[in-house]
Structures are given as structure tokens and as C-alpha cells.
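Participant: could you work out the structure for the sequence below:
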Amino acid sequence: MGGQVSKQKSVLQQKRALKDLNGTEGVDFPGSDYTTADGNRKEWMSKLNLNTVRIKDVVWPGTHDSATDKMGIPLVSRPLARCQKCSIYNQLVGGTRVLDIRVEASRRVCHGILKSYKVDLVIRDIKRFLSETQSEFLIVEIRTEYGHQDPPEMEKWLMDQLGDYLIHQDNHVFDKTLAELLPKRVICVWKPAAKGAAPHPGSALWSSAYLKDDWIDTDLPSTKFESNLSKLGSHPPVSSRKYFYRVENTATPQANNPVVCVKPVTNRIRGYARLFISQAFKKGYGDRLQIFSCDFIDDDFVDACIGITRARMEGKA
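Facilitator: A predicted model of the protein is given here:
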């Protein structure tokens, strides 16, 4: 009991610290004034200069545990596992461009021990979105959830499903413009379980070595915020990287805290995405931002990422 009281005090102190930092430091950064004027984020990439913007220049808005909208039993286990409220298709229409999909042996998406619909529905939503757009690019990470077995022949199945949309694994891709890569528009990262074989160089799929992050599993918002900043600063700028780097603006429930539902825990940090970007630029890390992910993605989060991308396109970031 004493440990939980102490933990709650730490949570309150850290929430206050972020609130104070937000009040004193502000949230200005190159592109921070950008908003999608017509509210249509479905084709925001097509409005960039496709002939000059390179894959590595984009700041990609992403979702954490993307396929959890139907995870668990409503009002019972769903609040413990649901990290997104929208379907994959609606996330993409809303501007999301990086998906984090976890699967298990029967090809169902999962979050820990909980399972939901088959990954086939995820692919169906992706293909629907791609068929309705012409210049939108996606990074789709599909991995076997920790503690589960790989779905049989998953690599072949993904290649069969996504086919001509796939951008093959190649270090030169990072320096190519969006126009140079068209009509191919999907970088699909396949991460099998530890004993599984990773995609080989030149494959239609990419290995997990090309998508890096520094995951910190904590429900303490300032701890996560500061760790994300520190880890971001330890990586080179996007101009000299041959991999994608993801920062996840999330806080996750812990067993030693009475609050175990995802939404109230992740909300401790969720509203400070713009503060994080601002602090990254103030510390000289703005040129390292690339993939920025969150739980329960919203329009403002997407616009912040688009704003930096457009500022880079204009030589302002």
C-alpha cells in the first residue's frame, strides 16, 4: 500500500513538472503554426513537393499498437489493452503514416495475451486506402508479439498481399524523393520472433534493423519525456542515417500502480507532443526527428508532424 501511495506522488509530481515546463517554455518550433486548412489529412503527402522531399526528410506521424481498436471485451479487458479508438483505415485517412501491428501464430493481431481480428483486416484497410490515393507513403511494421510464435509463411503472405506497392529494402531509398519511388509506396518491416529469419538485403520486406527505437516502459510521464529527448539526441541527424528512428510519446500502465487502463495513463504525456518537439529543437535535436508515434492519435498530433515536414521542405528546419 505504501508503495502505491509513493508511486502516486511520483506521478503527480511528474505531471506537474510537464505542465510547468509547458507553461514556461512554450511550444514553438519550425512549422508549429501549420494547420490543415480544409481538415482533409487523407492526402497530406500529395500536397508536398514530391520532386524534392526525400523519404528521410518526412516526419512521419505514427500510432503505437495500431490495431487495438477492437482489442478485448468492452468495459472489461478493452480499457486495459486499447491504444487506438479508430480502425486502421480511419487512422490512415486521418493522416497516420506509420503503423505498429503485432501478430501471433494464427495471424490474429494481439496485445500481450489478448487477441483481436485477423491481420487480414489490417491489410484490407491498407489496400483500400492505397487504392483511394496516389502519392501517400506508408511504413508498416508487422512483428510477432513477445511470447508468441510466428504465423506460418508470414513473409511470403505479406509479399503476396502488398505486391507492387512494396518498396524493396535498399539503403539508397533514404535519399530518394517521393516522386522517384512512385508508384511503390509501402515500406513494410517484418520482425519475426527471435528464432525467425529476418528479411534479407534486397527483399521486398525490410528487417527490423531499419526501424529503431529506445522503448522505455514506464507510466511516469516526465521520466518518459526526458528519456525520449536524451535517446533522440544520441542518434545522428536524418541526413546521415540509413534507418528510421521512432520516438513514442506514450506512457504505459504498470503493475505497481492502481491505474491500469491505457487511456488515463497515456494521457499523462499525450498532450505534450508539441512541447516535446519544441524541446527537441531547443536542444539541437530537431534534425533527428523522423517517426513520432502516440496512442489515440488526433488531428493536432498529425498537423505538428506535417508542419515540421513542410518546414524542412522550405528549408526552415
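Participant: what does stretch 162-179 contact?
Facilitator: 45, 48, 50-56, 123, 126-127, 130, 135, 137, 140, 159, 181, 183-188, 199-207, 210, 241-242 (CB atoms under 8 Å, 6 or more residues apart in numbering). Where you see a C-beta, it was placed from the backbone N, CA and C, and this is true even at glycine.
Participant: sorry, wrong one. I was asking about stretch 44-58.
Facilitator: Under CB under 8 Å, 6+ apart, the answer for stretch 44-58 is 36, 95, 97, 133-137, 173-179, 181-182, 238-239, 241, 290, 302, 306, 309-310, 312-313.
Participant: could you do stretch 139-157 as well?
Facilitator: With contact meaning CB under 8 Å, 6+ apart, stretch 139-157 is reached by 60, 62, 97-107, 110-113, 119, 126, 158, 162, 186-193, 196-197, 199, 203, 205, 208, 211, 244, 291.
Participant: from these, list just the buried residues.
Facilitator: With neighbours counted using 16 or more other CB atoms under 10 Å, the contacts of stretch 139-157 contain these buried positions: 60, 62, 97-104, 110-111, 119, 126, 158, 162, 186-192, 199, 203, 205, 211, 244, 291.
Participant: what packs against the lengthiest helix in the chain?
Facilitator: Across the chain, the helix with the greatest residue count (assigned by DSSP state H) is helix 2-25. When contacts are defined as 3 or more CB pairs under 8 Å, 6 or more residues apart in numbering; DSSP states H and E, helix 2-25 packs onto helix 221-233, helix 262-270, helix 273-282.
Participant: dump the shortest one to CSV, keeping only the CA atoms.
Facilitator: Pointing back at helix 262-270 there. Only the C-alpha atoms of helix 262-270 are listed here, as CSV (Å, rounded to 0.1, in the frame of the first residue of the first chain):
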residue,chain,number,x,y,z
VAL,A,262,-4.3,2.7,-21.0
LYS,A,263,-6.1,6.0,-21.7
PRO,A,264,-5.7,7.7,-18.3
VAL,A,265,-2.1,6.6,-18.1
THR,A,266,-1.1,7.6,-21.6
ASN,A,267,-3.0,10.9,-21.3
ARG,A,268,-0.3,12.0,-18.7
ILE,A,269,2.1,12.6,-21.6
ARG,A,270,-0.2,12.6,-24.7
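Participant: so how many other residues sit close to Gln4?
Facilitator: 12 (other CB atoms under 10 Å).
Participant: same question, Val262
Facilitator: Here the count is done by other CB under 10 Å, and Val262 has 26 residues near it.
Participant: skip the chain neighbours and tell me the closest residue to it.
Facilitator: The spatially closest residue to Val262, leaving aside those adjacent along the chain, is Cys83, at 5.6 Å (CB to CB, 6 or more residues apart in numbering).
Participant: the one you found contacts His64, doesn't it?
Facilitator: Yes. With the criterion set as CB atoms under 8 Å, Cys83 and His64 qualify as a contacting pair; they are 5.6 Å apart.
Participant: anything in contact with each of the two?
Facilitator: By CB under 8 Å, 6+ apart, the residues touching both Cys83 and His64 are 250, 295.
Participant: follow-up on the earlier one: mind putting the helices and strands packed on helix 2-25 in CSV, distance to Thr250 included?
Facilitator: Listed next are these as CSV, based on distance: least, CB to CB, whole Å:
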stretch, distance to Thr250
helix 221-233, 7
helix 262-270, 5
helix 273-282, 10
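Participant: okay if I get the ones you listed as TSV plus distance to Asp28 and mean pLDDT?
Facilitator: TSV is the format used below for the helices and strands packed on helix 2-25 (distance: least, CB to CB, whole Å; pLDDT from 0 to 100):
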stretch	distance to Asp28	mean pLDDT
helix 221-233	17	98
helix 262-270	20	98
helix 273-282	6	98
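Participant: ok, which of the ones you listed comes nearest Ser87?
Facilitator: Ranking the helices and strands packed on helix 2-25 by distance to Ser87, with CB to CB as the measure, places helix 262-270 first at 17.3 Å.
Participant: from the contacts of stretch 139-157, which land in helices?
Facilitator: Using DSSP H, the members of these that fall within helices are 119, 126, 158, 162.
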